[in-house]
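In: Pasting a predicted model and its sequence here:
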Amino acid sequence: MSIFIDTPAFYAILDSADANHEAARKAWLDALQQEQPLVTSNYVVVETAALLQRRIGLAAVRKLQEDILPVISIVWVDEATHSAGMSAVLAAGKRDLSLVDSVSFAILRRHGIREVLGFDSHFAEQGFVLKP
């Protein structure tokens, strides 16, 4: 079964000062050891790279690019998925629900992925299983 990796998990894996670092690191290593297919979207990669660059620097972005992303399948968001995500954001009417998350929900449903390595409660609210 595939696991979707969300921005807060990538960030926690790469920032040892993050409160979720140990939990994220353990879940990441467990997934790799069990050879579970890992998936994310290009929107999550953009969001993660921007967050890493702004908060901890380019070395972290390089580590993401060179050490982490090579073992992950990246789903590239098409126009229909983007539109579905935007419609969901507008329909939800919540300021704290991002376009990236809404697009991620659409991708998860389309690909039949139930598990998310991340810490964002919006995924649980949408019926997905958060790991760790």
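Out: The structure has been received and is ready for your questions.

In: What is the neighbour count of residue 129?
Out: 12 (other Cβ atoms under 10 Å). In short, each C-beta sits where N, CA and C put it, glycine included.

In: State the phi and psi torsions of it.
Out: phi -100, psi 120 (degrees, to the nearest 10).

In: For beta bridges, what are the partners of it?
Out: residue 115 (DSSP bridges).

In: Quick one: residues contacting it.
Out: 114-116 (Cβ atoms under 8 Å, 6 or more residues apart in numbering).

In: can you do 10 Å?
Out: 1, 3, 113-116, 123 (Cβ atoms under 10 Å, 6 or more residues apart in numbering).

In: Those into CSV, with extra columns for neighbour count, pLDDT and distance to residue 97?
Out: Listed next are these as CSV, based on neighbours: other Cβ atoms under 10 Å; pLDDT from 0 to 100; distance: Cβ to Cβ, whole Å:
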residue, neighbour count, pLDDT, distance to residue 97
1, 10, 90, 26
3, 24, 98, 22
113, 19, 98, 19
114, 13, 98, 20
115, 19, 98, 20
116, 25, 98, 15
123, 21, 97, 11
